[in-house]
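[1] Sequence and predicted structure are below.
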Amino acid sequence: MTDTVQAGRRKFFDLARPSRQHFLGYILIAPAVLMVAAIIVWPLILAIDLSFQQVKIPRLGGASRPFSLSNYTWLFSSQEFWLACWVTLKLVVVVTAGSVAVGLSTALLVNNKFRGRTVARLGMALPWAVPEIIAVVIFAWMFDTSFGLFGWLAIQLGFADQMIPWVSSSTAAFWAVAITMVWKGFPFVSIMCLAGLQSIPSDYYAAAKVDGASVFQRFRWITMPLLMPVLGVTLVLTLLWVFRDFSIIKVLTGGGPLRSTQTLSIMTYDQAFQYHNFGRAAAVGVLTLVICIIASLLMLGRRSKSIY
Amino acid sequence: MRRTFLQSLALYATVIFTLVIILFPVYWLIVTALSTTNELYRLPPTFWPTDPQWNIFAKVWAAKPILMWLWNSMLAAVGSVALSMLVSVSAGYALSRYSMRGGASMGLFVLTAKMLPATLLVIPLFSIFSSFGLIGSLWTLVLAHSTMIIPFATWMLKGYFDTIPKELEQAAMVDGCSPIGAMVRVVLPIATPGLAATALYAFVLSWADYAYARTFLVNSPDNWTANLGITTMQGEYVTYWNDISAASVFIALPIIAIYLFLERYLVGGLTAGAEK
C-alpha cells in the first residue's frame, strides 16, 4: 500500500518526464521573474504613475493624487527642459563621435602584429577599468582653473592667452565634460572593434592583396563592411551610456554653470533630490527612457536583436 | 609580408605615442599624489616631483576611513553579484533549455532594461526603500545594483549555456541523474568560465555605481562606498588634490588589478553577444 503511494508520488514529482519538463523550466525561471517584477517592473510602473501626479515627495501607500498632465505640460513649456534636450543631444553627438574615432583607430593600431602587442592592448583600454568617479577626480584637477594642466597647455600651445575658467565658462565646461567622457568611453569601442577585427578571416586580406588592392581599398571594402554590425551595436551602446550617465557630469560640473552641462539625466535627478519635485522628475525620466528606446530602435532597426 | 625597418619604426612610434597620451591621466594622478602642495600650486607644473612624498599613502589611509569605504563597496558588490547570479543562473539555464511561453520576448525586456536610466529608477526605489525603512542600509545597494545586473547576466548566461550541447545532460539523465542534478553536476562545471566572466563583469558594474550610493547612503557615513567617500573629499572651497589623488589610487586599484590579470574574462563578458 505505502509502496504504491510512494511510487505514485515519485511519479508526480518526476520532473524528468517529458510532460513535466516545461514545468521545471518555469520553476527555474520563477525566482528571476519575481525579482525583476519586484525591483524593476514595479518601480517602473510607480515612476510612470508618479509622472502623472502632481506630487512633491511621494509616500508609498499614501493617497494617490488625481491623474494630471501638469508635469508634462510644465516640461514642454519650460525652457529648462528644452535646454537639457539640446545639451544632451550635443553631448551625445560629440562624445559618441569622439569615442568611435579614438576607439576605432586604437583598435586598428593594436590589430597590427608586433612584439608587445598584448601589453599595448591592455594599456590602450586601461581607462575602461578606471572607475568613473576616479576619472573625474583626475580630470577635475587637470581642468583646474588656476593650476590645471590643460589650461597651462592651452597657453603653451597658443590656444589661449590666459588660464581657461573651465568651471565658470559654459563652453569650457561642456568641453571638459566631453573630453572626460571620451577618455572613459573610447576603450569600450576599442575593445569591441578589436574583437570584431579579429573575427575577420585573414584570407580576405590575402586575396585582396593578390588582386592588387591598396591598404585604403582593403579598409574600405573589407574591414568597414565586415566591422559595420559590431560598430553599429557599439555606437548605440555608447550613445545610451552618454544619454544616461550621471556620475561624470554630476561630480565634474554638477550640471552647471547656468545649466550648460545639464543633461536630461542630471535634470531628472536634480528635480527629484534637489528641488523635491518627484512628479516632474519622473516625467523627465520617463521621457528620457522613451527617447532612448525610439533612438536605438531607429538606429538598429531589425538588427536590434544583436544588442541584447 | 614583412615590414620594412622604417614601417616598423613608424608603427612602434605611433603605438608608444598613443599609449603615452592615453595613459597620461593615470600617470598624472600618481604624480599629483606624490607632489607637495607647493609643487601643485605652481606653474609650469612639475612633471615628476623633486621629492616624492611616498608617505602620503600611509597618511591618507590613516586620516580617512578608506578601508571601511572599500569594505562597504565590496559588501555591496559581493551581495548584489551573489543575489543576481543565484536567480540569473537558473533563469539563463531555463531560457536556454526549455521552450517557454514568453521566452522569446525576454530579449525585448532585456533590451528595455538596458536602456533604463538609473536616474529614473532611483526615484521610485527611493520611495520604496524609505517606506521599508531601508534608507542608509547597504541592502539598498544590493537590490539597486541587482536591477542593473540581473537582466544582462541572465541573457549573457543563456548565451553561454546555448554553447553547451544538450546531449551532455541527456547522457547524464540516461545514467540516472535528475534534471537538476544534470544541471548542477554536468552543465555548471563546464560553464564555469562563463559564470566567472558574468560575475566579474557584474562586480565591476556594482563597484562603479555612484548614483544609487549617493541617493540612499549620503546620510550614513558608516556605509559610504568607495566612490561616495572619495567625492566627500572634494572640498567646497579647497580641495587637497594630493590627498584625494592618493585615496583615488587605493580605490581604482582593485578594478585595475582585476582588469590587468583577468582581462580575458572581462572582455569575454563585454563582447558577448556583439559578435553574432
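    That came in fine, so what should we check first?

[2] mind checking how far A:S260 is from B:A153?
    A:S260 sits 37 Å away from B:A153, going by CB to CB, to the nearest Å. Any C-beta I mention is one placed from the backbone N, CA and C, and that applies to glycine too.

[3] Compare these two (neighbour count), which wins?
    Neighbour totals were compared for A:S260 and B:A153, and B:A153 leads with 28 against 18 (other CB atoms under 10 Å in any protein chain shown).

[4] Could you name the specific helix or strand carrying the more buried one?
    B:A153 is part of helix B:139-162 when elements are defined by DSSP states H and E.

[5] what packs against that helix?
    When contacts are defined as 3 or more CB pairs under 8 Å, 6 or more residues apart in numbering or on different chains; DSSP states H and E, helix B:139-162 sits against helix A:18-36, helix B:66-97, helix B:106-115, helix B:118-131, helix B:192-208, helix B:211-217.

[6] Spell out whether the third one and chain A are in contact.
    What that stands for is helix B:106-115. Yes: under the criterion of CB under 8 Å from any CB of the partner chain, helix B:106-115 makes contact with chain A via B:G107, B:F109, B:V110, B:L111, B:T112, B:A113, B:K114, B:M115.

[7] hang on, the earlier thing: lowest average pLDDT across the helices and strands packed on helix B:139-162?
    Between the helices and strands packed on helix B:139-162, the one with the least mean pLDDT is helix B:106-115; it has a mean of 74.

[8] Could I get the CA-only coordinates of stretch A:169-184 as PDB?
    Extracted in PDB, the C-alpha atoms of stretch A:169-184 (Å, rounded to 0.1, in the frame of the first residue of the first chain):
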ATOM      1  CA  SER A 169      32.600  79.300 -18.600                       C
ATOM      2  CA  SER A 170      29.700  77.400 -20.300                       C
ATOM      3  CA  THR A 171      31.600  76.400 -23.400                       C
ATOM      4  CA  ALA A 172      34.700  75.300 -21.500                       C
ATOM      5  CA  ALA A 173      32.700  73.300 -19.000                       C
ATOM      6  CA  PHE A 174      30.900  71.500 -21.900                       C
ATOM      7  CA  TRP A 175      34.200  70.500 -23.400                       C
ATOM      8  CA  ALA A 176      35.700  69.500 -20.100                       C
ATOM      9  CA  VAL A 177      32.800  67.100 -19.600                       C
ATOM     10  CA  ALA A 178      33.100  65.800 -23.200                       C
ATOM     11  CA  ILE A 179      36.800  65.200 -23.000                       C
ATOM     12  CA  THR A 180      36.500  63.300 -19.700                       C
ATOM     13  CA  MET A 181      33.700  61.200 -21.200                       C
ATOM     14  CA  VAL A 182      35.600  60.400 -24.400                       C
ATOM     15  CA  TRP A 183      38.600  59.200 -22.300                       C
ATOM     16  CA  LYS A 184      36.300  57.000 -20.300                       C
END
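
[9] Run the chain-centre distance for it.
    Relative to the centre of its chain, stretch A:169-184 is centred 17 Å away, using CA atoms, centre = their mean, to the nearest Å.

[10] Give me the mean pLDDT for that stretch.
    In this model, stretch A:169-184 has a mean pLDDT of 93.

[11] For stretch A:99-113, buried residues please.
    For stretch A:99-113, a neighbour-count test (16 or more other CB atoms under 10 Å in any protein chain shown) marks A:S99, A:V100, A:V102, A:G103, A:L104, A:T106, A:A107, A:L108, A:L109, A:V110, A:N111 as buried.
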